[in-house]
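**Student:** What would the 3D arrangement of this be:
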Amino acid sequence: MNPNRYAAVLASLDHAGVFHMPHDGEAGLIEAAEQNNFAVFRVDLAGVRDKAGLLKSVGDALAFPDWYGHNWDALLDCLADLSWQPADGYVVFLEHCDGIHGDAEEDFVAALQVFEAAANEWREQGIAFWCFVDMMADGISWLSDIG
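**Tutor:** Prediction:
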């Protein structure tokens, strides 16, 4: 998909949520996000192998406030707020997820459910929230499925 096509898709609230990283990578998505004045966050999970590392990595990458409690409820509270990162929409890239998915699959799936819940809360406010997951495993929709 070209960046202009991505820009139209990202602007749509109907499908915002959690998706596989497109095969052509994140470059076009970043350009599209910038066209839409969306904040972009990259969370590198290459060395992460457990829930604590996952929660810390997300919190650090999104510059969560000091009150962030490093648990699922606090993760949702922060993802569904982001008042310290004002933007017209949000795109989060979860990079290098195969390790955490393999070592702590249940926690990784729980995290993706939290990201999906955050997308649903943002949708109710009329704001798009997207999460793109860089991993080989199946079970997550592809952006091309909605194109």
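
**Student:** Please name the bridge partners of the nearest residue to residue 85 once chain neighbours are set aside.
**Tutor:** The shortest distance from residue 85 to any non-neighbouring residue, by Cβ to Cβ, 6 or more residues apart in numbering, is to residue 39 (5.2 Å). In this view, the C-beta of every residue, glycine as well, is placed from N, C-alpha and C. In this structure, residue 39 bridges to residue 90 when assessed by DSSP bridges.

**Student:** In this structure residue 39 contacts residue 83, no?
**Tutor:** No: applying Cβ atoms under 8 Å as the test, residue 39 and residue 83 come out as separate, 11.7 Å apart.

**Student:** Which neighbours do the two have in common?
**Tutor:** Residues touching both residue 39 and residue 83 (Cβ atoms under 8 Å, 6 or more residues apart in numbering): none.

**Student:** Which of these two has more residues huddled nearby?
**Tutor:** residue 39 (17 against 7; other Cβ atoms under 10 Å).

**Student:** mind listing what the more buried one touches?
**Tutor:** So residue 39 contacts 33, 82, 85, 86, 87, 89, 90, 91 (Cβ under 8 Å, 6+ apart).

**Student:** Need phi/psi at residue 95.
**Tutor:** phi -100, psi 150 (degrees, to the nearest 10).

**Student:** Am I right that residue 49 is in a strand?
**Tutor:** No: using DSSP: H, G, I helix; E, B strand; the rest coil, the assignment for residue 49 is coil, not a strand.

**Student:** I'd assumed residue 101 was in contact with it.
**Tutor:** No: Residue 49 is beyond contact range of residue 101, at 10.3 Å (criterion: Cβ under 8 Å).

**Student:** Looking at those two, which one has more neighbours?
**Tutor:** residue 101 (21 against 14).

**Student:** Before we move on, what's the pLDDT of that one?
**Tutor:** Looking at residue 101, its pLDDT is 91.
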